[in-house]
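K.L.:
Here is a sequence together with a model predicted from it:
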Amino acid sequence: MFANGLQGWHLIILVLLVVLLFGAKRLPDAARSIGKSMKIFKAETKDLAGDKSTSHEDAEPVETKQIPATPAPAAPAAGATDQQVADLQRQLDELKKQQAADQPQKNAS
């Protein structure tokens, strides 16, 4: 029954069926994506195959930098903290005023 396998006319029918199902415009994009997928798959299977030393040789070396240790800041005095809070509150109030002043201008335009 299937002793001869696929014959030429079988392949032609398969190609026509694929073109009818997907359309001629989408076939090149599909072929590209399949090719990229196969390339990635081959690369991953080579990595899993066991020759990991050659795969690491191709990789770029990673630069390591050591962050200099910063001394812990001394606890600020209570008065200095209150002053910072007051300054931040004043800046926040100024920003709210600016935003409120800008809002009518945006609504007018």
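P.N.:
Okay, I see it. Residues are numbered from 1 along each chain as shown.

K.L.:
how about low-confidence regions in this protein?
P.N.:
Scanning the chain for pLDDT under 70 picks out 1-4, 50-67, 69-78, 106-109.

K.L.:
And the strands in it?
P.N.:
With DSSP state E as the criterion, the chain has no strands.

K.L.:
Do a quick rundown of the helices in it.
P.N.:
Remark: helices assigned in the chain by DSSP state H are 8-22, 27-49, 52-58, 78-108.

K.L.:
Can you check which of the ones you listed gets nearest to Pro68?
P.N.:
Nearest of the helices of the chain to Pro68, taken as Cβ to Cβ: helix 78-108 at 25.8 Å. C-betas here are computed from N, CA, C, even on glycine.

K.L.:
if we can go back for a sec, could you export the helices of the chain as JSON lines, including distance to Pro68?
P.N.:
As requested, those are exported to JSON lines (distance: least, Cβ to Cβ, whole Å):
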{"stretch": "helix 8-22", "distance to Pro68": "59"}
{"stretch": "helix 27-49", "distance to Pro68": "37"}
{"stretch": "helix 52-58", "distance to Pro68": "30"}
{"stretch": "helix 78-108", "distance to Pro68": "26"}
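
K.L.:
can you redo these as CSV with mean neighbour count?
P.N.:
Conversion of the helices of the chain to CSV gives the following (neighbours: other Cβ atoms under 10 Å):
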stretch, mean neighbour count
helix 8-22, 10
helix 27-49, 10
helix 52-58, 9
helix 78-108, 9
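
K.L.:
Can you tell me how far Phe41 is from Ile34?
P.N.:
Per Cβ to Cβ, to the nearest Å, Phe41 is found 10 Å from Ile34.

K.L.:
Oops, could you answer that again for Glu94 instead?
P.N.:
To Ile34, Glu94 is 60 Å away according to Cβ to Cβ.
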